[in-house]
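*Asks:* Pasting a predicted model and its sequence here:
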Amino acid sequence: MSEGMRITNAGRNALAQALTGKELKFTRVFVGDGVLTNQNIITLTNLISRKKELPIVNINKTDSIGTAEIVCEVNNSGLTQGFWVREFGLFAKDPATGQEILYAYRNVGNESSYIPADGGPDVVNYTLSLVTVIDQAQNVTAVIQGNNQYVTNTALISKINALFGEKRNIKGFWTYSENGEKIFRPVDLSDVKDSILGNYDADTINARVRVLEDALAQILVSLEVENLYPDYSHFIAEDFNDTSELDLYTCRVTSVIAGDDSIDCEPLDGMIPGSFYMLTDGINQELVQVDSISIENNIQRVILTQPVKNTYILNACTLYRTSANILTGQALGASARKYKSWPANISFSGSAASAVSEIALKTDINNSGNFEITGQGGFNASGQAAIII
């Protein structure tokens, strides 16, 4: 709590002496339960009913506004009888006579607070700040008597600001050696890095970590697949480090019904019976296992080991194979296509064969003039160049 004080006549005379350069020393603070009636505060020389002395623990001066904050400690230690704290008196030594005078006084009247006697259930211990005028006096001190266990908000902020400066780039650390020396010494940031990483640079450490992570991932995927599908004899694991090695087989679903164990897809080239595939329309998805493939009357049909569980949007439904991330009932992976590119003016040749494969070139119908295709081939409906080789 903080209380403003009113200077007495004796206090004004002492302040006038202090403004000439003499020392103004605050000596004690007393509190009492006196009731202010017709007394004139500026003529008071003591408290009306002095009860307890409060030890001074700190003094803070604010030169810009000419005030001093006298911090004292309030407790009920040794108090034989409780009382209502109504009046506050700040005492100082008169610079001219050396006698102790009542420098400033305040009476709070009905706004008083009660201090109970010592030995009861209530223990009182708090900090009280009394603010008084010192004008431009420079030589202002106080007799520090208390053993302060608390800190004011102003003092705390000042200490924190002194301890923690503004944000700056890190140049080093304060460290201590391992031989038990109790002295902090500054070290450069590079020395700290070498102490933690050794002689290896960060790139080498990261490369080694990636190798260990890849090896661990292969082991975890193998254990997870074995746990989820104990009867399955093989699986494909993809780490996506080299996209040219991905198995990104996909086909468009032309017919799928929830509860049916077959779906119609195209094309079926490359589909492996016994393998697991992801069936999805971008909203719903489920992992299915291919039992067999049937092509009859231009209908390309896939027979599954289990019926389809979900209902799908047909024009957005695809079936693709990937085992990049196998979770309970789900397998998630990439959806991009593989592409190959060749330099300009390259010629392709080959002999007729029953197998037909599709090569996706980095071109479309708009720039197809950059390519000259001879033999059996052309651009398909998706704008990709298809060549029979």
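*Replies:* Received, thanks.
*Asks:* average pLDDT across stretch 23-40?
*Replies:* Averaged across stretch 23-40, pLDDT comes to 90.
*Asks:* Also stretch 159-169?
*Replies:* 76.
*Asks:* So what's the gap between that stretch and the chain middle?
*Replies:* Mean C-alpha position of stretch 159-169 versus that of the full chain (C-alpha atoms, centre = their mean, to the nearest Å) differs by 20 Å.
*Asks:* quick one, helices of the stretch 201-350 of the chain?
*Replies:* Listed in chain order, the helices of the stretch 201-350 of the chain (DSSP state H, counting those that start in this stretch) span 202-228.
*Asks:* would you say Trp174 is within a helix?
*Replies:* No: read with DSSP: H, G, I helix; E, B strand; the rest coil, Trp174 is strand and lies in no helix.
*Asks:* how many neighbours does it have?
*Replies:* Residues within reach of Trp174, counting by other C-beta atoms under 10 Å, total 9. No exception for glycine: its C-beta is placed from N, CA and C like everyone else's.
*Asks:* Might one say that it is in contact with Asp188?
*Replies:* No: Trp174 lies out of contact with Asp188 (C-beta atoms under 8 Å); the separation is 11.8 Å.
*Asks:* to the chain's geometric centre, what's the distance from whichever strand or helix holds Leu128?
*Replies:* Per DSSP states H and E, Leu128 falls inside strand 125-133. Distance, stretch centre to chain centre, for strand 125-133: 39 Å (C-alpha atoms, centre = their mean).
*Asks:* Tell me the strands beside it, with direction?
*Replies:* Strand pairing for strand 125-133, using DSSP bridges, gives strand 2-4 (parallel), strand 67-75 (antiparallel).
*Asks:* centroid residue for this protein?
*Replies:* Lys167 (17.3 Å; C-alpha atoms, centre = their mean).
*Asks:* Now the strand holding Leu128: buried residues?
*Replies:* Within strand 125-133, the residues that qualify as buried by neighbour count (16 or more other C-beta atoms under 10 Å) are 127-133.
*Asks:* coming back round to it: would you mind finding the most buried of the strands paired with strand 125-133?
*Replies:* Most buried of these, by mean neighbour count (mean count of other C-beta atoms under 10 Å): strand 67-75, with a mean of 21.
*Asks:* Following the chain onward from it, which element is next?
*Replies:* strand 83-85.
*Asks:* Which residues does that following strand contact?
*Replies:* 31-33, 51-52, 108, 112-115 (C-beta atoms under 8 Å, 6 or more residues apart in numbering).
*Asks:* Could you do stretch 130-138 as well?
*Replies:* With C-beta under 8 Å, 6+ apart, stretch 130-138 has contacts from 2-5, 7, 15, 18-19, 21, 24, 29, 61, 63, 66-70, 72, 88, 90, 103-104, 106, 140.
*Asks:* Please flag which of the contacts of strand 83-85 sit within strands.
*Replies:* Cross-referencing the contacts of strand 83-85 against strands under DSSP state E gives 31-32, 51-52, 113-115.
*Asks:* Pick the one among those closest to Met271.
*Replies:* Ser113 (87.2 Å; C-beta to C-beta).
*Asks:* Can you get me a residue count around the closest residue to that closest one other than its chain neighbours?
*Replies:* Excluding the flanking residues, the one nearest Ser113 by C-beta to C-beta, 6 or more residues apart in numbering is Val85, at 5.4 Å. Neighbours of Val85 under the rule other C-beta under 10 Å: 20.
*Asks:* Trp84 too?
*Replies:* Neighbour count for Trp84, taken as other C-beta under 10 Å: 16.
*Asks:* Tell me the spatial nearest neighbour of it, not counting adjacent residues.
*Replies:* That would be Ser112: by C-beta to C-beta, 6+ apart, it lies 4.4 Å from Trp84.
*Asks:* And the one you found, how far from Gly32?
*Replies:* 10 Å (C-beta to C-beta, to the nearest Å).
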